[in-house]
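Enquirer: I'd like to go over a predicted model; first the sequence, then the structure.
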2 protein chains.
Amino acid sequence: MNVAIIGLGLMGGSLAISLKKLDFINNIVGSDHNKIHQQEAVELGLVDNVIEFSEIKNYDVIFLAIPVDGIISALKNLTEVKESATIIDLGSTKSKIISSVPPKIRKNFVAAHPMTGTESYGPKAAIDNLYKDNVVVLCDIENSGDFQVKIAKKIFKALEMKKYFMSAKEHDRHAAFISHMPHAISYSLANTVMHQENKHNILALAAGGFRSMSRLAKSSPNMWEDIFRQNRANLLEAITLFEDELKLLKGYIENEEWYKVHKNIEAGNRLHDILD
Amino acid sequence: MNVAIIGLGLMGGSLAISLKKLDFINNIVGSDHNKIHQQEAVELGLVDNVIEFSEIKNYDVIFLAIPVDGIISALKNLTEVKESATIIDLGSTKSKIISSVPPKIRKNFVAAHPMTGTESYGPKAAIDNLYKDNVVVLCDIENSGDFQVKIAKKIFKALEMKKYFMSAKEHDRHAAFISHMPHAISYSLANTVMHQENKHNILALAAGGFRSMSRLAKSSPNMWEDIFRQNRANLLEAITLFEDELKLLKGYIENEEWYKVHKNIEAGNRLHDILD
């Protein structure tokens, strides 16, 4: 099986590192519109070769590991793939991508969202085992070809990922609450603090708590502008519900209703009965 | 030098572990109103003995490692300490604590806030090196006795901490932005997601980003109710400014002003030119 990865950043580069260990994969090539990333990916040994986008269509398995608007554009230029080709995207949104797949290659396409990543980006951010033991959500697979679903499952199984199946619509709503809205909050938190505090004080006073709350604010503008656009309606709903929740807590503090503040904190604590 | 630590949880317990290694400290005793914590602290070997609060007054150095309202109460009961005694609190707020120190022991008192911690609590959460290489903020030291400031500096130096000096007023405003408001956000984020998502989906879909944003929501209700109360005005200001900032970003998304969204994200990214 010959694999081509479009996008050699954190997600694509880390994927290349892991796929390389699998015996059913013959060779892995990559493509990236960023010349520096091309060079770094080769220097780091992430892929065997960097190829032109026009050659991608000849590969058995094609991964799209680029920002979500780029995925939509790339799909429009992949209509000449082999009939047996499997195209898998790794985007953080699913509805807009799926609805824009050219009908000719809809069976070739498998929509996937690996629930993993770091706030770093580019080929140098690629790490081993980024995918291992994490969840991958596969969406609307009833519209993908049986053969392509089989290939995608085989690869994600070999990557030791846990598979979840849901509709793109469900996925996008969940992702808005559990990933996209928290990113928006982190950007706003970082901006609030930078408007109020000078560099010296931030550096001096930022303990682990602030660092973990603002870590996501490091995430790529190119990637996240696209995600916010594609999942706009769900994201706006999630932000509004968060605003309401914060307003509630703020109101308790304003009115010195400390018993309610205590209960609100206790309720928040309960998340970790689920997560820990 | 004989040391007594009031409060044998994360902060007090970790302090005991580190102080034990210092050659100028003879013995370390502890006090905790929670019987289970007393027992755990002894079993874990955090302190040599657990003593009654009434015996605390005989010690050379007394640390207050309890929630900030408890610090105020404890200080009222420490007016009979030795003239040379040094009382150091480790609370996350400073103004209310300092203004409530009985005048008789104001010179004995040194207000400190070590900018370190984890979201865990209780004696079992105590870890080695919690203090090492972190910042400790010392407030209004011109009102503490010269001898007591010397002792406090000696201890924090031995703990390998970086000392910052500022007024309690300044401290409380900075802490609101860099620590207290982010905690409020984390509680509200956890509550929003729990109202919208079931346990199964949270567990399946929560990647590193959500986990780091919601980690602080695990923090103790007893401790944080007190902090929110004591730093109420600054906290409300910080929450309001954060709300304005999030409203701005939400407005750009609502109005599909993607160039502004991109710029807002880029501005958020800049925090990490400071922090990394």
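Expert: Received it, and whenever you're ready, just let me know what you need. Bear in mind that the values here come from a model prediction, so they are computed numbers and not experimental data.
Enquirer: from A:I151, how far out is A:S84?
Expert: 9 Å (CB to CB, to the nearest Å). All C-beta spots, glycine's among them, are computed from the backbone N, C-alpha and C.
Enquirer: more crowded one of the two?
Expert: With neighbours defined as other CB atoms under 10 Å in any protein chain shown, A:S84 and A:I151 compare such that A:I151 has more, 20 against 12.
Enquirer: that one reaches A:V61, doesn't it?
Expert: Yes: contact criterion CB atoms under 8 Å: A:I151 and A:V61 qualify, at 6.4 Å.
Enquirer: how about A:C139: which residues does it bridge to?
Expert: Counting by DSSP bridges, A:C139 forms beta bridges with A:A111, A:M166.
Enquirer: contacting residues around it?
Expert: The contact partners of A:C139, by CB atoms under 8 Å, 6 or more residues apart in numbering or on different chains, come to A:94, A:98, A:111-113, A:165-168, A:171.
Enquirer: swap in A:D172?
Expert: Going by CB under 8 Å, 6+ apart, A:D172 touches A:93-95, A:231, A:234.
Enquirer: SS state for it?
Expert: With DSSP: H, G, I helix; E, B strand; the rest coil as the basis, the three-state label of A:D172 is helix.
Enquirer: distance-wise, check it relative to chain B.
Expert: 12 Å (CB to the nearest CB, to the nearest Å).
Enquirer: and A:L246, by the same measure?
Expert: Relative to chain B, and taking CB to the nearest CB, A:L246 is found at 4 Å.
Enquirer: same check on A:G45?
Expert: For A:G45, the distance to chain B - CB to the nearest CB - is 26 Å.
Enquirer: name the helix or strand for that residue, please.
Expert: Assessed by DSSP states H and E, A:G45 sits outside every helix and strand.
Enquirer: name the residues of the stretch 1-150 of chain A found near chain B, please.
Expert: Applying CB under 8 Å from any CB of the partner chain, we find that the stretch 1-150 of chain A lies next to chain B at A:115-119, A:134-135, A:137.
Enquirer: surely A:V47 meets A:V29?
Expert: Yes: using CB under 8 Å, A:V47 is in contact with A:V29, at 5.6 Å.
Enquirer: shared neighbours of those two, anything?
Expert: Common neighbours of A:V47 and A:V29 (CB under 8 Å, 6+ apart) are A:I5.
Enquirer: which residues are in contact with the residue of the stretch 1-150 of chain A found nearest chain B?
Expert: Residue nearest to chain B within the stretch 1-150 of chain A: A:M115 (4.3 Å; CB to the nearest CB). With contact taken as CB under 8 Å, 6+ apart, A:M115 is in contact with A:134-137, A:179, B:204-207.
Enquirer: how near is A:L205 to chain B?
Expert: For A:L205, the distance to chain B - CB to the nearest CB - is 5 Å.
Enquirer: for B:I274, see how far away the closest residue to that residue other than its chain neighbours is.
Expert: Spatially, and ignoring its direct neighbours in sequence, A:L205 is nearest to B:I178 (4.7 Å; CB to CB, 6 or more residues apart in numbering or on different chains). Using CB to CB, B:I178 is found at 12 Å from B:I274.
Enquirer: neighbours around A:A175, how many?
Expert: For A:A175, the neighbour count with other CB under 10 Å is 24.
Enquirer: just to revisit the earlier point, mind giving me CSV with the contacts of A:M115 and columns for distance to B:N222?
Expert: Converted to CSV, the contacts of A:M115 look like this (distance: CB to CB, whole Å):
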residue, distance to B:N222
A:N134, 35
A:V135, 35
A:V136, 40
A:V137, 38
A:S179, 31
B:A204, 32
B:L205, 31
B:A206, 26
B:A207, 31
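Enquirer: out of these, which one has the lowest pLDDT?
Expert: On pLDDT alone, B:A207 ranks lowest of these, at 83.
Enquirer: and it, how many neighbours does it have?
Expert: 19.
Enquirer: tell me which residues in the longest helix that chain A contains are buried?
Expert: Ranked by residue count, the top helix of chain A under DSSP state H comes out as helix A:232-254. Using 16 or more other CB atoms under 10 Å in any protein chain shown as the test for burial, helix A:232-254 gives A:232, A:234-236, A:238-239, A:241-243, A:245-246, A:249-250, A:252-253.
Enquirer: average pLDDT across that helix?
Expert: According to the model, helix A:232-254 has a mean pLDDT of 98.
Enquirer: one more: stretch A:20-36?
Expert: Average pLDDT, stretch A:20-36: 95.
Enquirer: return the distance of it from the chain's centre.
Expert: 19 Å (CA atoms, centre = their mean, to the nearest Å).
Enquirer: same check, this time on stretch A:213-227
Expert: That offset, for stretch A:213-227, works out to 11 Å (CA atoms, centre = their mean).
Enquirer: need the contact list for the residue of the stretch 51-200 of chain A found nearest chain B.
Expert: Chain B sits closest to A:Y187 of the stretch 51-200 of chain A, with a gap of 3.6 Å, by CB to the nearest CB. Taking CB under 8 Å, 6+ apart, we find A:Y187 in contact with A:216-217, A:224, B:249, B:264-265, B:267-268.
Enquirer: swap in A:W258?
Expert: Here A:W258 is in contact with A:252, B:225, B:229 (criterion: CB under 8 Å, 6+ apart).
Enquirer: secondary structure element for the nearest residue to the first one once chain neighbours are set aside?
Expert: The spatially closest residue to A:Y252, leaving aside those adjacent along the chain, is A:K260, at 4.3 Å (CB to CB, 6+ apart). Counting by DSSP H and E, the secondary-structure element that holds A:K260 is helix A:258-269.
Enquirer: residues making contact with the next helix or strand after that helix?
Expert: Next helix or strand after helix A:258-269 toward the C-terminus (DSSP H and E): helix A:271-275. Helix A:271-275 is contacted from outside by B:190, B:193-194, B:199, B:202-203, B:206, B:211, B:214, B:217-218, using CB under 8 Å, 6+ apart.
Enquirer: could you dump stretch A:267-276 to PDB, C-alpha only?
Expert: Only the C-alpha atoms of stretch A:267-276 are listed here, as PDB (Å, rounded to 0.1, in the frame of the first residue of the first chain):
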ATOM      1  CA  ALA A 267     -20.500  21.200  40.300                       C
ATOM      2  CA  GLY A 268     -17.500  22.000  38.200                       C
ATOM      3  CA  ASN A 269     -15.400  19.600  40.300                       C
ATOM      4  CA  ARG A 270     -17.600  16.800  39.100                       C
ATOM      5  CA  LEU A 271     -16.200  16.900  35.600                       C
ATOM      6  CA  HIS A 272     -13.200  15.200  37.000                       C
ATOM      7  CA  ASP A 273     -15.200  12.200  38.300                       C
ATOM      8  CA  ILE A 274     -15.700  11.700  34.500                       C
ATOM      9  CA  LEU A 275     -12.300  12.600  33.200                       C
ATOM     10  CA  ASP A 276      -9.900  11.200  35.800                       C
END
